[in-house]
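Asks: Provided below are the primary sequence and the corresponding predicted coordinates.
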Amino acid sequence: MLIQLPADTVPSEITPRAVFDKRREFLKGLAGTALAAALPKSACAGEKFSATLKSPWSTTETPTPYKSVTTYNNFYEFGTEKTDPAQLAQRMKTRPWQISIEGLVKHQKSFAIDDLIKMAPLEERIYRMRCVEGWSMVIPWLGLPLATLLKHVEPQGATKYVEFISAADPKTMPGVASAVLDWPYLEGLRLDEAMHPLTILAVGLYGEVLPNQNGAPLRLVVPWKYGFKGAKSIVKIRLTDREPWTAWMKAGPREYGFYSNVNPAVDHPRWSQATERRIGEFAKRRTLPFNGYAEQVAGLYTGMDLQKFF
Ligand SMILES: Nc1nc2c(c(=O)[nH]1)N[C@H]1C(S)=C(S)[C@@H](COP(=O)(O)O)O[C@H]1N2
Ligand SMILES: [Mo]
């Protein structure tokens, strides 16, 4: 069901004052575009967001079918088979849901997910996504730039990194009983990567509330890095001066580095990263440096040896 805002609805009627003021700053720069996203009436997967913005950061490639995007997943909290999350993640409760922002910030804060969604207009970002296992998809995400949230809490001067911590609830997540990873799932970015306009926090895909298996209610999306950097079902964001020791680095430090930028020239020790299979296609494609986003992000790594910092 599509929930439309009545044409005469004033934004201040639907959002608390502070959020409205914040959002007005954003909208100033967006004259002529749609009004900020309206929340769906219920947060159930499948509910549509209305009035989202198209983003110039989107690729023009054809998105991978919804069915593949929502049934071929990695979400080890629900098992290691690609088909596990679509079945088992349905028991995860995504409301109420709090996300706390802590560590080296001027304003430590905890947001209810629905307040966070109202912070800024939701943008549709159609991104190429590349998994380290060798497959790729094109996914129409709905989200807000992570920079929006970080600017709101104001990183302290000493901040160098941002850590993302996922939920780990043994009652609803059967996978956390297994030692396949160290729980909770933990990922990290350098502060400048986190502030890059391509980096988003997604709350939806294909215009709808994010399905549980894709990381509801809130997950990170960093399109120039391998998919595992995109932590799902985030409960905590921590700013720090130390390089985070991520769940995948703990699992295999020779196989998974902190940066994990998509790089066809740096093979995984057990397989090549030179090509990929786009889900739904037969022939393999060449993998592009930074997953095709080199023009936007290569400058973040000037002077770094990317064989060493893989
Ligand atoms: N919490 C958590 N986040 C996670 C994972 C996971 O197992 N747990 N898997 C990662 C991996 S390996 C990939 S490829 C992407 C898959 O996202 P998708 O299922 O939405 O395509 O999620 C990433 N985020
Ligand atoms: Mo992945």
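Replies: Sure, I can see it. Ligands and ions are numbered 1, 2, ... in the order given.

Asks: can we go C-alpha only for contacts and neighbour counts from here?
Replies: Will do.

Asks: Send over stretch 287-299 as CSV, restricted to the C-alpha atoms.
Replies: Extracted C-alpha coordinates of stretch 287-299, given in CSV (Å, rounded to 0.1, in the frame of the first residue of the first chain):
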residue,chain,number,x,y,z
THR,A,287,35.5,-6.6,-11.8
LEU,A,288,36.3,-2.9,-11.8
PRO,A,289,38.6,-1.1,-9.4
PHE,A,290,36.6,0.2,-6.5
ASN,A,291,33.6,-1.6,-8.0
GLY,A,292,33.4,1.1,-10.7
TYR,A,293,33.4,4.0,-8.2
ALA,A,294,37.1,4.9,-8.7
GLU,A,295,36.4,8.4,-10.0
GLN,A,296,34.5,9.2,-6.8
VAL,A,297,36.7,7.5,-4.2
ALA,A,298,40.2,6.7,-5.4
GLY,A,299,41.3,10.0,-4.0
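
Asks: Kindly check the end-to-end length of stretch 252-269 for me.
Replies: 10 Å (C-alpha to C-alpha, to the nearest Å).

Asks: err, stretch 205-215, not the other one
Replies: End-to-end distance (C-alpha to C-alpha), stretch 205-215: 11 Å.

Asks: Give me the mean pLDDT for it.
Replies: The average pLDDT within stretch 205-215 is 97.

Asks: With stretch 277-295 instead?
Replies: Mean predicted lDDT for stretch 277-295 stands at 98.

Asks: which regions of the protein lie under the pLDDT threshold?
Replies: Applying pLDDT under 70 to the chain picks out residues 1-38, 41-42.

Asks: 80 instead, please
Replies: 1-46, 51 (pLDDT under 80).

Asks: Which positions in it make contact with ligand 1?
Replies: 73-77, 131, 166, 185, 214, 227-228, 230-232 (C-alpha under 6 Å from any ligand atom).

Asks: what sits up against the longest strand along the chain?
Replies: Determined from DSSP state E, the single longest strand within the chain is strand 135-145. With contact meaning C-alpha atoms under 8 Å, 6 or more residues apart in numbering, strand 135-145 is reached by 52, 61-64, 69, 117, 120-130, 197-208, 276-279.

Asks: Thank you kindly, that will do.
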